[in-house]
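**Student:** just a sequence and a predicted model for now, questions to come.
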Amino acid sequence: MALLKVLLILSLALSVAAGAVGEEPPVRLDAGIARRVIAVGDTVRLNIDIAWKEGVSVKPLALGENIGDFAVRDITYGPTVADDGLSRRRTSLLLAVFKIGDLTLPPVTVVYMDENGNAGMAETPPISIEVESVLQEDAADIKDIKRPIEVPRRWKDLILSWVLLVGLGVAAATSVLVSVKRREDVEAIVRKFWVRVTGPVVRLVRWLLRRLSLIGRDEYGAPAFDARVAEPYLTPEQAAMKEFTRIEALGLAEQGRIKQHYTLVSETVRRYLERRFRVLAMESPSSSTVAEIRRKEATPEALGLIRSVLDETDLVKFAKFLPDGDAAGSLIDRGRQLVRMTGSRPSGQTVVEVRKP
């Protein structure tokens, strides 16, 4: 009887273990490239096939500018196709390499959320690629460029030109002296000529100095901003809302192009702040921009939102910070909220806000 119980327990344990081993992961990856041997400077395309179960949410690839020794030139997302109870999609990466030797393409990580709300990761296997030099095997080194061709000087023509110029000068001076009989007449002509020439020159120099001292300021002494506005008939609020709608239609955050998404939103916010508060925002640090706006009529809540948006965009643009998908997706909404909080609405004007249908 005891032996029978032991056999039943062993069979149950084996069945549970077999079921755990045979359970398929929520996301499956398959990666491959067309060529394993390329020349330095060439591009190679990495195709990643992603298949996931129903109820699983797959996040876009969060890639930097490089994957190991390979530079990411372009990312293309294919359509999602349902097949045999699974959703399938192909993501294609165009890579370039500028290093010679036997290189290894590191794994690419895909982040997903299963049906129970648990986060997980799946990685592609590493791929070996041989990068060859474009030089011939017997070439010792790259040859230097040729020296520029020296054009011989034509001394006869140069001497003749100088003689002609000197002769013309002497003839002009002689004609003036011959036409004037007395020295006093010559001095009077010279003084009169000097006054007529130097007077306008002095006035022109003074005018230029005054203009140079006022570069960057308008007639009231305030900095001149946004000299070229694409649509001058739009208010700063209307122009910003229109640009937010255009950026949202591009779908950069959904495609994983986070840096480009943040760069466009940052430029829109800074251009709006320049035109709204008349501060240097396009080329100034974020701290200086916030300090200048603090002297204006902005509220503390608006200042906090401006500082938050500018600091987050600076981290992505300059520190290669990769935010999560929710932060990237809500960036445009925070920009719209910033415009609504700080926008001025004179009589007869309203802030136009257009959203995608």
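**Tutor:** Looks like it arrived, so ask away.

**Student:** what's the local residue count around residue 79?
**Tutor:** By the criterion of other Cβ atoms under 10 Å, residue 79 has 7 neighbours. Using the backbone N, CA and C atoms, a C-beta is placed for each residue, glycine as well.

**Student:** these two touch, right, it and residue 89?
**Tutor:** Yes - counting by Cβ atoms under 8 Å, residue 79 touches residue 89, with 7.1 Å between them.

**Student:** roughly how far out does stretch 76-92 sit from the chain middle?
**Tutor:** 29 Å (Cα atoms, centre = their mean, to the nearest Å).

**Student:** same deal with stretch 145-159?
**Tutor:** 46 Å.

**Student:** just the terminal-to-terminal distance for that stretch.
**Tutor:** 35 Å (Cα to Cα, to the nearest Å).

**Student:** element containing residue 117, please.
**Tutor:** Residue 117 is part of no helix or strand when elements are defined by DSSP states H and E.

**Student:** and it, how many neighbours?
**Tutor:** Residue 117 has 7 nearby residues by other Cβ under 10 Å.

**Student:** what's the pLDDT at it?
**Tutor:** With respect to pLDDT, residue 117 has a value of 79.

**Student:** likewise residue 335?
**Tutor:** At residue 335, the model reports a pLDDT of 90.

**Student:** now residue 305
**Tutor:** Confidence score, pLDDT, at residue 305: 91.

**Student:** same check, this time on residue 85
**Tutor:** We have a pLDDT of 76 for residue 85.

**Student:** so where is the chain shaky, pLDDT-wise?
**Tutor:** For the chain, residues meeting the criterion pLDDT under 70 lie at 1-23, 135-143, 176-187, 195, 210-230, 232, 345-357.

**Student:** what's the domain layout of it?
**Tutor:** According to automatic domain parsing, the chain comprises the domains 22-132, 160-213, 236-342.

**Student:** which of those is buried the deepest?
**Tutor:** Among the domains of the chain, domain 236-342 has the highest mean neighbour count (mean count of other Cβ atoms under 10 Å), at a mean of 17.

**Student:** and that one, how far out from the chain's middle?
**Tutor:** On the basis of Cα atoms, centre = their mean, domain 236-342 sits 14 Å off its chain's mean C-alpha point.

**Student:** adjust the sequence numbering to begin at 41 for everything that follows.
**Tutor:** With the count now opening at 41, the last piece we talked about shows up as domain 276-382.

**Student:** residues contacting stretch 332-346, please?
**Tutor:** With contact meaning Cβ atoms under 8 Å, 6 or more residues apart in numbering, stretch 332-346 is reached by 309, 313, 317, 319-320, 324, 329-330, 374, 377-378, 381-382.

**Student:** of those residues, just say which sits nearest to residue 90.
**Tutor:** The nearest member of the contacts of stretch 332-346 to residue 90, counting by Cβ to Cβ, is residue 374 at 30.3 Å.

**Student:** need the contact list for residue 71.
**Tutor:** With Cβ under 8 Å, 6+ apart, residue 71 has these contacts: 86, 87, 88, 89, 148, 164, 165, 167.
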